[in-house]
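J.: I'll drop the sequence and a predicted model, then ask my questions.
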Amino acid sequence: MACCLPFGFAAAAGAVGLSAVFAPLRPWMLAISGALLIFGFWQLYRRGAACQRRSRLSQGIFWVCAVLVLSMILMPQVVASLLAGGIFTHAAPAVQPPLADLAIETLKTEFNRSRDEYRVIALLSPT
(Lines give C-alpha, C1' and ligand atoms only; values in the text may rest on other atoms or scores of the structure.)
Protein backbone atom coordinates (compact mmCIF):
# COMPACT_ATOMS: atom_id res chain seq x y z
CA MET A 1 0.00 0.00 0.00
CA ALA A 2 2.86 2.37 0.79
CA CYS A 3 4.45 1.99 -2.62
CA CYS A 4 1.25 1.94 -4.72
CA LEU A 5 -0.76 4.69 -2.99
CA PRO A 6 1.40 7.57 -4.34
CA PHE A 7 0.86 6.24 -7.86
CA GLY A 8 -2.89 6.42 -7.29
CA PHE A 9 -2.65 10.05 -6.17
CA ALA A 10 -0.41 10.85 -9.14
CA ALA A 11 -2.87 9.20 -11.55
CA ALA A 12 -5.78 11.15 -10.05
CA ALA A 13 -3.88 14.43 -10.32
CA GLY A 14 -2.90 13.61 -13.90
CA ALA A 15 -6.51 12.85 -14.81
CA VAL A 16 -7.65 16.19 -13.38
CA GLY A 17 -4.91 18.00 -15.28
CA LEU A 18 -5.74 16.24 -18.54
CA SER A 19 -9.44 16.95 -18.18
CA ALA A 20 -8.67 20.65 -17.77
CA VAL A 21 -6.48 20.61 -20.87
CA PHE A 22 -8.87 18.57 -23.04
CA ALA A 23 -12.12 20.31 -22.02
CA PRO A 24 -11.86 23.00 -24.74
CA LEU A 25 -11.06 20.29 -27.32
CA ARG A 26 -14.19 18.23 -26.52
CA PRO A 27 -16.22 19.31 -29.60
CA TRP A 28 -13.29 18.51 -31.89
CA MET A 29 -12.68 15.12 -30.30
CA LEU A 30 -16.38 14.23 -30.55
CA ALA A 31 -16.42 15.26 -34.22
CA ILE A 32 -13.33 13.15 -34.91
CA SER A 33 -14.94 10.22 -33.06
CA GLY A 34 -18.08 10.55 -35.20
CA ALA A 35 -16.03 10.67 -38.39
CA LEU A 36 -14.06 7.60 -37.34
CA LEU A 37 -17.32 5.77 -36.57
CA ILE A 38 -18.60 6.54 -40.06
CA PHE A 39 -15.31 5.32 -41.54
CA GLY A 40 -15.46 2.17 -39.37
CA PHE A 41 -19.05 1.51 -40.46
CA TRP A 42 -17.99 1.87 -44.09
CA GLN A 43 -15.04 -0.47 -43.58
CA LEU A 44 -17.12 -3.06 -41.73
CA TYR A 45 -20.20 -3.17 -43.95
CA ARG A 46 -19.06 -2.17 -47.45
CA ARG A 47 -19.82 -4.54 -50.27
CA GLY A 48 -16.79 -4.59 -52.47
CA ALA A 49 -14.00 -6.81 -53.58
CA ALA A 50 -13.24 -7.87 -50.02
CA CYS A 51 -13.67 -11.61 -49.60
CA GLN A 52 -13.29 -11.66 -45.83
CA ARG A 53 -16.27 -12.33 -43.64
CA ARG A 54 -17.09 -9.98 -40.80
CA SER A 55 -16.55 -11.52 -37.40
CA ARG A 56 -19.12 -11.15 -34.67
CA LEU A 57 -16.41 -9.79 -32.39
CA SER A 58 -15.54 -6.91 -34.71
CA GLN A 59 -19.22 -6.08 -35.15
CA GLY A 60 -19.79 -6.18 -31.40
CA ILE A 61 -16.83 -3.94 -30.66
CA PHE A 62 -17.97 -1.49 -33.33
CA TRP A 63 -21.52 -1.23 -31.97
CA VAL A 64 -20.36 -0.86 -28.35
CA CYS A 65 -18.07 1.98 -29.43
CA ALA A 66 -20.88 3.54 -31.47
CA VAL A 67 -23.25 3.47 -28.48
CA LEU A 68 -20.59 4.99 -26.19
CA VAL A 69 -19.73 7.82 -28.59
CA LEU A 70 -23.35 8.59 -29.43
CA SER A 71 -24.33 8.63 -25.76
CA MET A 72 -21.50 11.07 -25.02
CA ILE A 73 -22.65 13.29 -27.89
CA LEU A 74 -26.39 13.18 -27.17
CA MET A 75 -26.51 13.01 -23.37
CA PRO A 76 -23.17 13.88 -21.73
CA GLN A 77 -24.69 14.83 -18.37
CA VAL A 78 -26.41 11.47 -18.00
CA VAL A 79 -23.17 9.62 -18.73
CA ALA A 80 -21.24 11.87 -16.33
CA SER A 81 -23.77 11.33 -13.55
CA LEU A 82 -23.67 7.55 -14.11
CA LEU A 83 -19.89 7.55 -13.87
CA ALA A 84 -19.79 9.92 -10.90
CA GLY A 85 -22.56 8.53 -8.79
CA GLY A 86 -24.01 5.38 -10.18
CA ILE A 87 -21.71 2.75 -11.55
CA PHE A 88 -18.29 3.15 -9.96
CA THR A 89 -19.06 4.47 -6.49
CA HIS A 90 -19.82 2.60 -3.33
CA ALA A 91 -21.62 4.07 -0.34
CA ALA A 92 -20.53 3.48 3.21
CA PRO A 93 -22.60 0.96 5.15
CA ALA A 94 -25.63 2.49 6.86
CA VAL A 95 -24.51 1.24 10.30
CA GLN A 96 -21.08 2.91 10.05
CA PRO A 97 -20.87 6.10 12.09
CA PRO A 98 -19.09 9.10 10.57
CA LEU A 99 -15.37 9.05 11.27
CA ALA A 100 -15.18 12.78 11.90
CA ASP A 101 -17.54 15.69 12.18
CA LEU A 102 -16.09 18.42 10.02
CA ALA A 103 -16.76 21.79 11.62
CA ILE A 104 -16.17 24.23 8.79
CA GLU A 105 -16.19 27.37 10.94
CA THR A 106 -13.56 25.96 13.32
CA LEU A 107 -11.43 24.87 10.39
CA LYS A 108 -11.75 28.29 8.77
CA THR A 109 -10.81 30.09 11.99
CA GLU A 110 -7.75 27.89 12.61
CA PHE A 111 -6.70 28.15 8.97
CA ASN A 112 -6.88 31.95 8.98
CA ARG A 113 -5.20 32.22 12.39
CA SER A 114 -2.02 30.52 11.15
CA ARG A 115 -1.57 32.68 8.04
CA ASP A 116 2.17 33.13 8.66
CA GLU A 117 2.80 29.39 8.32
CA TYR A 118 2.47 26.88 5.51
CA ARG A 119 -0.98 25.33 5.52
CA VAL A 120 -2.24 22.20 3.79
CA ILE A 121 -5.73 20.76 3.96
CA ALA A 122 -6.14 17.13 2.94
CA LEU A 123 -9.58 15.53 3.03
CA LEU A 124 -9.41 11.76 2.68
CA SER A 125 -12.30 9.37 2.62
CA PRO A 126 -12.01 5.69 3.52
CA THR A 127 -14.95 4.76 1.28
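T.: The structure has been received and is ready for your questions.

J.: Count residues in the vicinity of L68, would you?
T.: 13 (other Cβ atoms under 10 Å). For glycine as for every other residue, the C-beta is placed from the backbone atoms N, C-alpha and C.

J.: Give me the three-state assignment for it.
T.: Of the three states, L68 takes helix according to DSSP: H, G, I helix; E, B strand; the rest coil.

J.: ok, now L123?
T.: Secondary structure for L123, judged by three-state DSSP, is coil.

J.: can you count the residues close to it?
T.: Neighbour count for L123, taken as other Cβ under 10 Å: 6.

J.: what distance separates the start and the end of stretch 17-26?
T.: Across stretch 17-26, the terminal residues are separated by 15 Å (Cα to Cα, to the nearest Å).

J.: Might you list the low-confidence residue ranges for the protein?
T.: By pLDDT under 70, the low-scoring segments of the chain are 1-5, 47-52, 84-94, 96-101, 125-127.

J.: all helices for it, in order.
T.: 5-22, 26-45, 56-74, 76-81, 104-113 (DSSP state H).

J.: As TSV, these with distance to V120 would be great.
T.: Converted to TSV, those look like this (distance: least, Cβ to Cβ, whole Å):
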stretch	distance to V120
helix 5-22	13
helix 26-45	32
helix 56-74	36
helix 76-81	29
helix 104-113	10
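
J.: and of those helices, who's closest to A122?
T.: Closest to A122 of the helices of the chain, according to Cβ to Cβ: helix 5-22, at 10.2 Å.

J.: Could I get the phi/psi values of A103?
T.: phi -90, psi 100 (degrees, to the nearest 10).
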